[in-house]
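A.B. asks: Please find the sequence and the predicted model below.
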Amino acid sequence: MTDFRSARVLVVGVGGLGCPAAIALARAGVGTLGLADDDVVDVSNLHRQILFDADDVGRPKVPAAAARLRELAKDLVIEAHETRLLPANAVSLVERYDLVIEGSDNFATKFLAADACAIARRPIVHAAAVRWHGTTLAVGPNGGPCYRCLFEDVPLENAPNCAEAGVVGPMVGVIAAAQADLALSVLAGEDVFGELFTFDGKSLASRRRRIPRRKGCPLCGDGARIHDIEPKRYVEGVCTVA
């Protein structure tokens with residue numbers, strides 16, 4: 001059995017994905033979890049953000065989640081970052097950890113996390129869920145395939161997040177479980193980089209496959225040109241690099 005006590009994992013977004021993924025990692029024995037989020041708990045979160053209950057409504061998510069996680073794993077070290085992942089802090093934050101779990105609710109943060117981890121040479125496991133559908137993708141520290149191989153760039157039009165489009169709570173839990181599974185596989189030294197898991201909550205159909213590197217990817221492809229963090233890249237509705 002793999003010992004994860006020395007592992008350091010950053011959870012970006014303590015929401016519907018980050019909450020169950022953090023529980024799974026804590027129960028698996030991961031020694032240190034960093035929690036990064038600047039939001040507060042809302043009553044509309046409770047059906048899917050399972051670290052919180054009604055008494056937490058109005059509280060900042062990071063300390064509320066930290067308190068609950070410490071109840072689940074007494075030896076767990078939690079590093080609280082009551083901030084979003086931002087262009088000014090992204091690289092310095094992710095390079096403090098062995099692995100990043102990304103479960104944010106907007107494309108700008110997802111692409112920022114992808115780019116920061118590539119620059120810092122840290123593996124990252126992305127996840128997303130909206131309505132009945134979800135995905136998770138493991139990306140290695142040394143090149144593609146990466147998030148930009150699959151999704152290319154921040155959308156030119158504002159894409160609805162789960163708060164706007166709706167999301168089925170149990171389906172989010174399935175995606176978070178798959179994300180935690182990929183994360184633990186990475187920490188255990190398994191080659192799961194490039195593996196994409198997709199799930200359809202209506203049909204209960206799931207698929208796990210390995211995606212190829214995109215040759216023209218600006219982050220990991222031939223002639224890659226993203227080598228630093230430029231804030232203008234992470235504005236939804238402005239396509240700058242694809």
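C.D. replies: That came in fine, so what should we check first?
A.B. asks: Beta-bridge partners for the closest residue in space to D98 that isn't next to it in sequence, please?
C.D. replies: Excluding its sequence neighbours, the residue lying closest to D98 (C-beta to C-beta, 6 or more residues apart in numbering) is R8, at 4.9 Å. For the C-beta atoms, the positions are set from N, CA and C on the backbone; glycine is no exception. Applying DSSP bridges to R8 yields these beta-bridge partners: T32.
A.B. asks: Assess the claim that R8 and L25 are in contact.
C.D. replies: No: in terms of C-beta atoms under 8 Å, R8 does not count as a neighbour of L25; the distance is 10.8 Å.
A.B. asks: Tell me which of the two has more neighbours.
C.D. replies: Set R8 next to L25 and count neighbours by other C-beta atoms under 10 Å: L25 wins out with 26 against 17.
A.B. asks: Just confirm that one is within a helix.
C.D. replies: Yes: under DSSP: H, G, I helix; E, B strand; the rest coil, L25 sits within a helix.
A.B. asks: check contacts around it.
C.D. replies: F4, V9, V11, L33, I101, A180, A183, L184 (C-beta atoms under 8 Å, 6 or more residues apart in numbering).
A.B. asks: Over to Q179?
C.D. replies: Q179 neighbours (C-beta under 8 Å, 6+ apart): L17, A21, I101, G103, V125, H126, A127, T136.
A.B. asks: pretty sure F199 is in contact with I175, am I right?
C.D. replies: Yes: using C-beta under 8 Å, F199 is in contact with I175, at 6.1 Å.
A.B. asks: one step back: closest to V43 among the contacts of L25?
C.D. replies: V11 (22.2 Å; C-beta to C-beta).
A.B. asks: Give the pairing partners of the strand or helix carrying L137; include direction for each.
C.D. replies: Per DSSP states H and E, L137 falls inside strand 133-139. Sheet pairing of strand 133-139 (DSSP bridges) gives strand 124-130 (antiparallel), strand 195-200 (antiparallel).
A.B. asks: Single out the most deeply packed of those.
C.D. replies: strand 124-130 (a mean of 26; mean count of other C-beta atoms under 10 Å).
A.B. asks: The closest residue to W132 other than its chain neighbours: neighbouring residues, count only.
C.D. replies: In space, W132 comes closest to G201 once its chain neighbours are excluded; the distance is 4.0 Å by C-beta to C-beta, 6+ apart. Counted with other C-beta under 10 Å, residues neighbouring G201 total 20.
A.B. asks: picking up where we left off before, out of the contacts of L25, which sit inside helices?
C.D. replies: Counting by DSSP state H, those place A180, A183, L184 in helices.
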